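>>> Test case, fold it:
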Amino acid sequence: MNLEALGCPEPPGWDLDWASLLQRFAWLRPLVGCPQDPRWHPEGDVWTHTTMVGQAMVDEPEWRALPSGQRAELFTAALLHDLGKPGATKHEADGSISSVGHPRLGARLARRELWRLGVDPPARERICALIQLHAVPYWAMQRRNIGRDILAISLRLPPRHLALLARCDARGKGTDDTHEQLERIGLFAELAQKQGCLDGPFPFPSDHARVEFFRKNSRDPHHPPQFEPRSSVTMTCGLPAAGKSRWVRQHCDGQPVISLDGLRDELEVEPGRAEGEVSQRAHRRARALLREDHDFVWDATNLVRARRQALVGLFLDCGARVRIVHVEAPEPTLRARNAARDQPVPEADLERMIDRWEPPDLSEAHEIVWVG
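Down below sits the predicted model:
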């Protein structure tokens, strides 16, 4: 799907049609009437705020000067930046209204909907990163590791674009401290400029320097650590029936494969059963291969970043070079493949996995390969 179809205004008129967007996309409608604390959002509900942010984006000369694809990504992020608020909003005992965690929840919801619409995966992930991180520039000076955070952000999207979205978010409120908010956002952009990554990824001297920097906070990002890999590990990542095992058969011929599905077959257990025993057996096999400096494949869904981090840490500690291969398929294809399996993943389980799905980024491994 072309992102312009999500209502991104185009020259010469730069026209916005909010009513049409609400009519076409049901997942926007919960924003209408969703309350916000009037101390921070005196303008009203989340949808009112969203329309103000979108208009602020369209009025921005910097936004209008961008290539059409980047304009569409930023406008979509403005449209969806508070998508998580209806699910996160709470009325507190003191009468205030909170929405703690709404950026992360909003990114997850946006990923699901943009995937269903067939949006190009790299563009989709930049939009999701903008949604998840949209409050970072405002709070940058209060974050303990803002220098590290900026380098991580630069691997996912240009920090300049994040600052632009944050400025529009600030202008889309009815508060009296807009100037102060814009100053804070400006400081974030200045820090990114000083780091040399305002408009693109930080120039790490090597893939291993990048990986080790995000594993160990004290490491100098400019210093290339010595690294002679003893083996190579390929880790697959993706929803069930996306095509991970097919990719492994086509591209990793001859390498040992540790497949969690295969281990379940060995143990004659259904998915979701005896997971501890399956995991222990997989780890034992991985450690044996790592001791022998043997290349191998770890084939599983690995949908959650924390799960991948634990495995990558094991592989790196044993001197392996790590490649994560993220495989995905369009929703109709994936659901058809799952239904055709001998043991399809139950619908409720698949929905939970879609909700948890976090594609990898370059802070996680030496190489990230996107397939599909």
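>>> CA atoms only for the one helix or strand Gly87 maps to, dumped as CSV, please.
Using DSSP states H and E, Gly87 falls within helix 85-88. The C-alpha coordinates for helix 85-88 follow below in CSV (Å, rounded to 0.1, in the frame of the first residue of the first chain):
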residue,chain,number,x,y,z
LYS,A,85,-3.8,6.3,24.4
PRO,A,86,-7.3,4.7,24.5
GLY,A,87,-5.8,1.5,25.7
ALA,A,88,-3.5,3.2,28.2
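>>> what residues does that helix touch?
Here helix 85-88 makes contact (CB atoms under 8 Å, 6 or more residues apart in numbering) with Pro30, Leu31, Cys34, Gln36, Val46, Ser99, Val100, Gly101, His102, Leu105, Gly106, Leu109. (C-beta placed from N, C-alpha, C; glycine too.)
>>> Give me the helices and strands touching whichever helix or strand comes after it, please.
Moving toward the C-terminus from helix 85-88, the first helix or strand encountered (DSSP H and E) is strand 90-91. Under the contact definition 3 or more CB pairs under 8 Å, 6 or more residues apart in numbering; DSSP states H and E, strand 90-91 sits against strand 97-98.
>>> The strand it packs on pairs with which strands, parallel or anti?
Strand 97-98 has its sheet partners listed here by DSSP bridges as strand 90-91 (antiparallel).
>>> Give me the contacts around the strand it pairs with.
Residues from elsewhere that reach strand 90-91 (CB under 8 Å, 6+ apart): Pro35, Ile97, Ser98, Ser99, Val100.
>>> ok, back up a step: work out the gap between the helix holding Gly87 and the centre of the chain.
18 Å (CA atoms, centre = their mean, to the nearest Å).
>>> Ok, stretch 190-198 next?
Between the centre of stretch 190-198 and the centre of its host chain there is 22 Å, according to CA atoms, centre = their mean.
>>> Now that stretch: buried residues?
By neighbour count with 16 or more other CB atoms under 10 Å, stretch 190-198 contains the buried residues Leu191, Ala192, Gln195, Cys197, Leu198.
>>> Not counting sequence-adjacent ones, nearest residue to the first one?
Of all residues beyond its chain neighbours, the one nearest Leu191 is Ile150 (5.9 Å), with distances taken as CB to CB, 6 or more residues apart in numbering.
>>> try the last one
Distance criterion CB to CB, 6+ apart; nearest residue to Leu198, sequence neighbours excluded, is Ala192 at 4.3 Å.
>>> quick one, what contacts the one you found?
Ala192 is in contact with Ile150, Ile153, Ser154, Pro159, Arg160, Ala163, Leu198, counting by CB under 8 Å, 6+ apart.
>>> try 7 Å this time
Taking CB atoms under 7 Å, 6 or more residues apart in numbering as the contact definition, Ala192 lies against Ile150, Pro159, Leu198.
>>> now, which of these sits nearest Thr76?
Proximity of the contacts of Ala192 to Thr76 was ranked by CB to CB; the top entry is Pro159 with 18.3 Å.
>>> Can you check the pLDDT for the closest one?
Among the per-residue scores, Pro159 holds a pLDDT of 98.
>>> How many residues are close by it?
As a burial measure, Pro159 scores 28 neighbours (other CB atoms under 10 Å).
>>> Could you verify my assumption that it touches Cys197?
Yes. Under the criterion of CB atoms under 7 Å, Pro159 lies in contact with Cys197, with a separation of 6.4 Å.
>>> Give me the common contacts of these two.
Shared between the contact lists of Pro159 and Cys197 (criterion: CB under 7 Å, 6+ apart) are residues Ile150.
>>> how about the helices in the stretch 151-300 of the chain?
Assigned helices in the stretch 151-300 of the chain, in chain order: 159-171, 178-195, 207-215, 244-251, 260-267, 275-291 (criterion: DSSP state H, counting those that start in this stretch).
>>> Noted, bye for now.
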